[in-house]
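Undergrad: Got a predicted structure here, sequence first:
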Amino acid sequence: MMNGFINLSVLILGFAGIVAVSPAMAHSEKHTQPSAAVIKEQKDWGIAGDREQITRTIEIGMSDQMRFSPDQLEVKQGETIRFVHRNAGNMMHEFVLGTQADLDAHAAMMVKFPGMEHDEPYMAHVAPGQDAEIIWTFNRAGEFEFACLIAGHYQAGMVGKIRVLAE
């Protein structure tokens, strides 16, 4: 009986700890800290890259005018790009790679659940005045997108395109 009580107490305290963290805080804090291990999962637009394979660096500016600079990119299939995101604004921004359909679906979820936590190697969340990076290997040719999916930012046009040229 006592063992069951202790397990239940630990469970309740564990849930209390989860609830005590504001979803918005958890979202922003989680994405400003570097991940210990990157999960490599093949996506339509590529796969997480390794630092040793970087072929070039592309800097992406983010602004409170809801724009990326540049917002049109061209890379070659097989390139591993180090994206450095610089948030010159006063609000949180993010950079998420994907297909138009994936970004549309994710943006709809962000409107419904603005504080939802997610951490994928194809996204960077950048606090005001801060920098973040993504290392991504474009191993599939095609036209892909990037966007800030924070509620309202995507809808305001904070989007861009990446064209991956076949080998």
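TA: Received it, and whenever you're ready, just let me know what you need.
Undergrad: Tell me the bridge partners for the residue nearest the centre of the chain.
TA: Nearest residue to the geometric centre of the chain (CA atoms, centre = their mean): residue 123, 1.9 Å. For residue 123, the beta-bridge partners are residue 96 (DSSP bridges).
Undergrad: ok, it touching residue 95?
TA: Yes - between residue 123 and residue 95 there is a contact at 6.6 Å, judged by CB atoms under 8 Å. Glycine gets a C-beta too; all of them are placed from N, C-alpha and C.
Undergrad: where does the protein have low pLDDT?
TA: Along the chain, the parts satisfying pLDDT under 70 run over 1-37, 117.
Undergrad: shared neighbours, residue 123 and residue 95?
TA: Each of residue 134 lies in contact with both residue 123 and residue 95 under the rule CB atoms under 8 Å, 6 or more residues apart in numbering.
Undergrad: Give me the neighbour count for the residue nearest to residue 147 when sequence neighbours are not counted.
TA: Excluding the flanking residues, the one nearest residue 147 by CB to CB, 6 or more residues apart in numbering is residue 159, at 4.4 Å. A count of neighbours around residue 159, defined by other CB atoms under 10 Å, yields 21.
Undergrad: Please name the residues that touch residue 137.
TA: 46, 47, 48, 49, 50, 53, 78, 79, 80, 81.
Undergrad: Now it: closest residue in space that isn't a chain neighbour?
TA: Residue 137 sits nearest to residue 49 (CB to CB, 6+ apart), 3.9 Å away.
Undergrad: and the gap between that neighbour and residue 71?
TA: 22 Å (CB to CB, to the nearest Å).
Undergrad: Just want to know which of these two has more residues nearby.
TA: residue 49 (22 against 16).
Undergrad: so which helix or strand takes in residue 78?
TA: Using DSSP states H and E, residue 78 sits within no helix or strand.
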